[in-house]
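Colleague: Got a predicted structure here, sequence first:
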Amino acid sequence: MSGDGEEDASLEFTPTWIIAIVCTVIIFMSFFFERFLHYIGKVLKRKKNFALFEALLKVQEELMLLGFISLMLSVSQVSLQKTCIKESLMLRGLPCKRESPNSVSHVTFVRHYQTNFPLDFTGMRMLLASESGGSGHCKSMRDWKSWEAKIQQEDDTAEKMVKHVHELQFIKKRFKENKIFSWLHSFGKQFYGTITIDDYRAMRLGFIMMHYKDNPKFNFYKYMIRALETDFKKVVGISWYFWALVIVFLLLNINGWHAYFWISIVPFILLFIVGSKLEHIISNLATKVVDQNAIAIGNCVVIPSDDLFWFKSPKLVLFFIHYILFQNAFDIAYFFWILTTYSFGSCIMGKKAYIIPRLVFSGIIQVVCGYSTLPLYAIVSHMGSRYKKAILPHHMHETFDQWLANAKTNKLKREETSNEGTVDKFWGAWNRKKASNKTEVVAKLEEEMQEVQHEPVPEIEIGIHN
């Protein structure tokens, strides 16, 4: 391209071989990515990881939505450029300070804003999936797997020792009489060795004694993994309120506000609050055991309850983790998009004093969430009053869902049949009433006719008048 003007850079004056090559590369990359996702899905189905397979389908749905958004923005690009608004409004809410407004042409000004709008959130989508499903928590969960196998091999028929509750290792490490010191201990505990084998034993036994008392050999580890995979399917999705947050973030990116720096502090603080709360729930379980029992036979048995969670809702913790991962993923994706599109020194990027702390916050969030918060959530989320749907294997879910659907269908049929019977009874009673009324009317008419027949007919004299 000669670069002499805008006309030379349009599609009308672009060689067809360049267009063909570019389209070929784009189509080839799209097919490669699609087949790669299809291959991952086949592997997950072969390994019977149905929850992760559904999460993959959720990612594909999000990618389709992103593609549709990009298509709509591309189609409406020319119309948006031709839209006229007041010049005074164009000077408000700029991400960069405009030195001399009169020296910049209108076309360049419009193109500046068109380029600044992130048309593709695919990077954010991939970052969100990688952060929530990363391998940071795998090491601790592998330890849990070995602990579960060790517990399964223990002999339940052996004689159990009677101990004072304060002699139990779980109580020694977790019970703190002072509430302030308990919260401080919970805050610091999330940074090192969060779950020990004594914690795992206590929470596992508490869950089994409340929900699965008849099966002491219940595999608590497999249940946790199934539940975590189901929650992962929710985390990889982007709900409508998160899309609304994206619009708010883009709106607040005004020169001098440093909005992205202040926004990045929110998930950073919230992460430590959630981690402290999860650790404190374990401490509260130990406190309840001390308050209710003076002695313990065998292992420590905790009592799960929804009262331990914020607003008695364990699901609220998952929502906060989802927000933390989403906000962190968006922040990292937006940073790298600005870095590759412009440069590190661009005015849109902001000052270095605000950029570096944002990167530090994002790194800490990803590490702490992967190594501490997610494993904590994986086990503590089951300390509520109710168990999750994942307590049943996937094939039993399908059977149960089919049975439930059949039960609802049969119930509707019975209600329709009952309604039809009620309608028939109503019309039958109505018709009988009409028939009885008709019979009474006919009988009354017959009586009147008989009375008329028995009455003498009056004689009429006919006279002739002269």
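Modeller: Yep, that arrived.
Colleague: Please make it C-alpha for all contacts and neighbour counts, starting now.
Modeller: Noted.
Colleague: What is the neighbour count of Lys277?
Modeller: A count of nearby residues for Lys277, using other Cα atoms under 10 Å, gives 21.
Colleague: again with the one 5 residues further on
Modeller: The number of residues packed near Ile282 is 24, by other Cα under 10 Å.
Colleague: and it, what helix or strand is that in?
Modeller: helix 259-292 (DSSP states H and E).
Colleague: and for the one helix or strand Ala378 maps to, what are the contacting residues?
Modeller: Using DSSP H and E, Ala378 maps to helix 374-380. Helix 374-380 has contacts (Cα atoms under 8 Å, 6 or more residues apart in numbering) with 137, 140-141, 194-195, 203, 224-225, 227-228, 275, 278-279, 281-282, 317-318.
Colleague: Return the subset of these lying in helices.
Modeller: 140-141, 203, 224-225, 227-228, 275, 278-279, 281-282, 317-318 (DSSP state H).
Colleague: which among the contacts of helix 374-380 end up buried?
Modeller: 137, 140-141, 194-195, 203, 224-225, 227-228, 275, 278-279, 281-282, 317-318 (16 or more other Cα atoms under 10 Å).
Colleague: Quick one, grab the pLDDT at Gly136.
Modeller: The model reports Gly136 with a pLDDT of 48.
Colleague: Does Cys96 belong to a helix, a strand or coil?
Modeller: Secondary structure, DSSP: H, G, I helix; E, B strand; the rest coil: Cys96 is coil.
Colleague: contacting residues around it?
Modeller: Counting by Cα under 8 Å, 6+ apart, Cys96 has contacts Ile254, Asn255, Cys347, Ile348.
Colleague: can you rerun that using 7 Å?
Modeller: By Cα atoms under 7 Å, 6 or more residues apart in numbering, Cys96 lies in contact with Asn255, Cys347, Ile348.
Colleague: distance of it from Ala353?
Modeller: 17 Å (Cα to Cα, to the nearest Å).
Colleague: From Ile254, how far off is Leu91?
Modeller: For Leu91, the distance to Ile254 - Cα to Cα - is 11 Å.
Colleague: out of those two, which sits in the busier spot?
Modeller: For Leu91 and Ile254, the more surrounded residue by other Cα under 10 Å is Ile254, and the numbers stand at 18 against 11.
Colleague: Quick check: phi and psi on the nearest residue to that one once chain neighbours are set aside?
Modeller: Once flanking residues are discounted, Ile254 sits nearest to Pro95: 4.3 Å by Cα to Cα, 6 or more residues apart in numbering. Phi and psi for Pro95, reported as degrees, to the nearest 10, are phi -70, psi -20.
Colleague: closest to Gln81 among the ones in helices among the contacts of helix 374-380?
Modeller: When those are compared for distance to Gln81 (Cα to Cα), Leu318 wins out at 41.7 Å.
Colleague: give the contact list for that closest one.
Modeller: Neighbours of Leu318 in contact, by Cα under 7 Å, 6+ apart: none.
Colleague: Pull up the per-residue confidence for it.
Modeller: Per the predicted model, pLDDT is 92 at Leu318.
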